[in-house]
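Novice: Quick one: sequence and predicted model below, then my questions.
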Amino acid sequence: MDKVIEAYFKQLDSKDRDVQYEAYQNILSATEGEVDWAYEVWDELLAGLCSKDNHQRSRSAQFLSSLAISDPDKRMLNDFSAVWEVTRDPKFVTARHSLQSIWKIGLAGPQQKKLVLDHLIDRFQSCSNEKNDTLIRFDIIQDLKNLYDQLNDENIKQKTLELIESEEERKYQKKYKSIWKNV
């Protein structure tokens, strides 16, 4: 890992929120493509999923989701459940940020894509008892759209449109369809 990336990870612990946020943004930018340092931070990020600090849980889930494309050993197949758990975090903002980034794991390969799709579809169908269920569903539809945009997989589009049609309330169905209006 180069010194710049290493510095960003250290800055996540800064007392200055602006410094933390800038480091966070820089790490996310760095992980938009494959990196060769994923395993240097992987175990620490995995441990961060259970931190008492909700910001650390959220960042860890988001970074691991982004690093899945840099995971030739397919560790994510074993670690996915720990990342997924953060999408149900007691702090809704933490859960939501984690859910909004989990689609990136699906870019890592066919097994990871299937894992993500299965979990997102199941969650969409079963989250009616959760608080903020319409926001959760909205985020899931957006995740599926993001995955479709990257992979251009018609099966993702078809399944998503079926999920949208399964929504009983017209106003939410319309809201979810708006995400897919240009497809």
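Specialist: Received the coordinates, thanks.
Novice: Can you point out the buried residues in the top helix by length along the chain?
Specialist: Ranked by residue count under DSSP state H, the longest helix found in the chain is helix 133-151. For helix 133-151, the neighbour count (16 or more other CB atoms under 10 Å) marks 134, 136-148 as buried. C-beta coordinates here come from the backbone N, C-alpha and C atoms, glycine included.
Novice: Check which helices and strands that helix is in contact with.
Specialist: helix 92-101, helix 110-126, helix 154-166, helix 170-179 (3 or more CB pairs under 8 Å, 6 or more residues apart in numbering; DSSP states H and E).
Novice: Now tabulate those helices in CSV and tack on mean pLDDT and mean neighbour count.
Specialist: Formatted as CSV, the helices and strands packed on helix 133-151 follow (pLDDT from 0 to 100; neighbours: other CB atoms under 10 Å):
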stretch, mean pLDDT, mean neighbour count
helix 92-101, 97, 20
helix 110-126, 97, 17
helix 154-166, 96, 15
helix 170-179, 94, 14
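Novice: mind checking which of those is nearest residue 72?
Specialist: Proximity to residue 72 (CB to CB) singles out helix 110-126 among these, at 12.0 Å.
Novice: Can you pull out the low-pLDDT segments for the protein?
Specialist: Residues of the chain meeting the criterion pLDDT under 70: 183.
Novice: Swap in 90 and give it another go.
Specialist: Residues of the chain that meet the criterion pLDDT under 90 lie in 1, 128-130, 180-183.
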